[in-house]
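Engineer: below: sequence and its predicted model.
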Amino acid sequence: MKDRIIEHMNSDHRDILPLYIKHFNGKDVKEAKLIDINEEEMILLADNDEKVIVKLTARTELKDMHMELVKMAKIAREKLGIPAPEHHKDENHKKEEQLKMEILDFISEFKSVILGTLTADNFPTVTYAPFLKYEGNNYIFISEAGEHFENLKNNGKLELMFLEDESKTKVISLRKRVKYKAIAEFLERNAKTEEILDKFQEKEAAIKMTRTMDDFHLVELKFLNGRYVKGAAQAFNITEDNKVIAVVGKGHGHPKK
């Protein structure tokens, strides 16, 4: 749930984060990123280099955090004389926010992700890899022995899919799924990547044995545009700036006689 809150605020409400710091801490910053949150405070990275702690107005459980952050946003905007965006008042905005929460909740269930990559001679390869979402970013941990390794090294473009387990759906053709086009970036080992691997290890104990091996690599995935399918006639395109837009089909019509 904490990761979902962080992802949502950084993706969809980046504009309010500097205002939290400006009003509640009296410090003027140009931009901010939420990097952690608990029942008493949020921790933000201001202007890419300074960690700032903003206290919540009341101790709040994570399950109720959305309303606390909305309240604090309202207070900050009112005190600073900054009106809320008009689209926040739109009923469609509330529906879109709910869809975004559904997508984040669905993805959070997965410890691995299906990968679609291309060989050097442009043949598709379908594999999978351990997956982690941490501090709003997306990672896989892969071996040089994997078919996808050379594909991603030679061509960092890929498509990935989170696909509902067959045992959880009543209609196989309507399995819930989220897919994204993405760009892969291989990360150099440093203190930050070790922190990420610690989180990976919490989800998958076997990583304890492979994290020190030279032929295993941590890869960050930058999600681009995608699609969320939640059921019959319920498909939504996801834009690169994280807008969720319903797909309007033409219908199947009647067969010709």
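Structural biologist: Happy to help now that I have it. Numbers count the residues shown, from 1 in each chain.
Engineer: residue contacts, residue 200?
Structural biologist: Counting by Cβ atoms under 8 Å, 6 or more residues apart in numbering, residue 200 touches 130, 132, 139, 141, 207, 211. In short, each C-beta sits where N, CA and C put it, glycine included.
Engineer: okay, now the unreliable bits of the stretch 151-257 of the chain?
Structural biologist: For the stretch 151-257 of the chain, applying pLDDT under 70 flags the ranges 249-257.
Engineer: show me where it has its strands.
Structural biologist: Using DSSP state E, counting those that start in this stretch, the strands of the stretch 151-257 of the chain run over 157-163, 177-186, 216-231, 234-238, 244-246.
Engineer: which one of those lies nearest to residue 7?
Structural biologist: Closest of the strands of the stretch 151-257 of the chain to residue 7 is strand 216-231, at 10.5 Å (criterion: Cβ to Cβ).
Engineer: centre of the chain versus the closest one, how much separation?
Structural biologist: Taking the mean of its C-alpha atoms, strand 216-231 sits 8 Å from the chain's own mean (Cα atoms, centre = their mean, to the nearest Å).
Engineer: change the start of the numbering to 48 and stick with it
Structural biologist: Understood, numbering begins at 48; the last thing we discussed is strand 263-278.
Engineer: parallel or antiparallel, list what pairs with it.
Structural biologist: Strand 263-278 has its sheet partners listed here by DSSP bridges as strand 184-190 (antiparallel), strand 224-233 (antiparallel), strand 281-285 (antiparallel).
Engineer: and that strand, which residues are buried?
Structural biologist: Neighbour counts over strand 263-278 (16 or more other Cβ atoms under 10 Å) mark 263, 264, 265, 266, 267, 268, 270, 273, 274, 275, 276, 277 as buried.
Engineer: next, the angle strand 204-210 makes with that strand.
Structural biologist: Per axes from the mean of the first three to the mean of the last three Cα atoms, to 10 degrees, the angle that strand 263-278 makes with strand 204-210 is 60 degrees.
Engineer: can I get strand 263-278 as PDB, trimmed to CA atoms?
Structural biologist: Provided in PDB are the C-alpha atoms of strand 263-278 (Å, rounded to 0.1, in the frame of the first residue of the first chain):
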ATOM      1  CA  PHE A 263      23.200 -11.100 -12.800                       C
ATOM      2  CA  HIS A 264      22.100  -7.600 -13.500                       C
ATOM      3  CA  LEU A 265      19.600  -5.100 -12.100                       C
ATOM      4  CA  VAL A 266      17.600  -3.400 -14.800                       C
ATOM      5  CA  GLU A 267      15.300  -0.400 -14.400                       C
ATOM      6  CA  LEU A 268      12.200  -0.300 -16.700                       C
ATOM      7  CA  LYS A 269      10.800   3.000 -17.700                       C
ATOM      8  CA  PHE A 270       7.100   2.400 -18.500                       C
ATOM      9  CA  LEU A 271       5.800   4.200 -21.600                       C
ATOM     10  CA  ASN A 272       2.200   3.800 -22.900                       C
ATOM     11  CA  GLY A 273       0.200   0.700 -22.100                       C
ATOM     12  CA  ARG A 274      -3.200  -0.900 -21.800                       C
ATOM     13  CA  TYR A 275      -5.400  -2.200 -18.900                       C
ATOM     14  CA  VAL A 276      -8.100  -4.800 -19.600                       C
ATOM     15  CA  LYS A 277     -10.300  -5.600 -16.600                       C
ATOM     16  CA  GLY A 278     -13.200  -7.500 -18.300                       C
END
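Engineer: so who does the nearest residue to residue 286 once chain neighbours are set aside touch?
Structural biologist: Once flanking residues are discounted, residue 286 sits nearest to residue 272: 5.7 Å by Cβ to Cβ, 6 or more residues apart in numbering. Taking Cβ under 8 Å, 6+ apart as the criterion, residue 272 is in contact with 227, 228, 284, 285, 286, 287.
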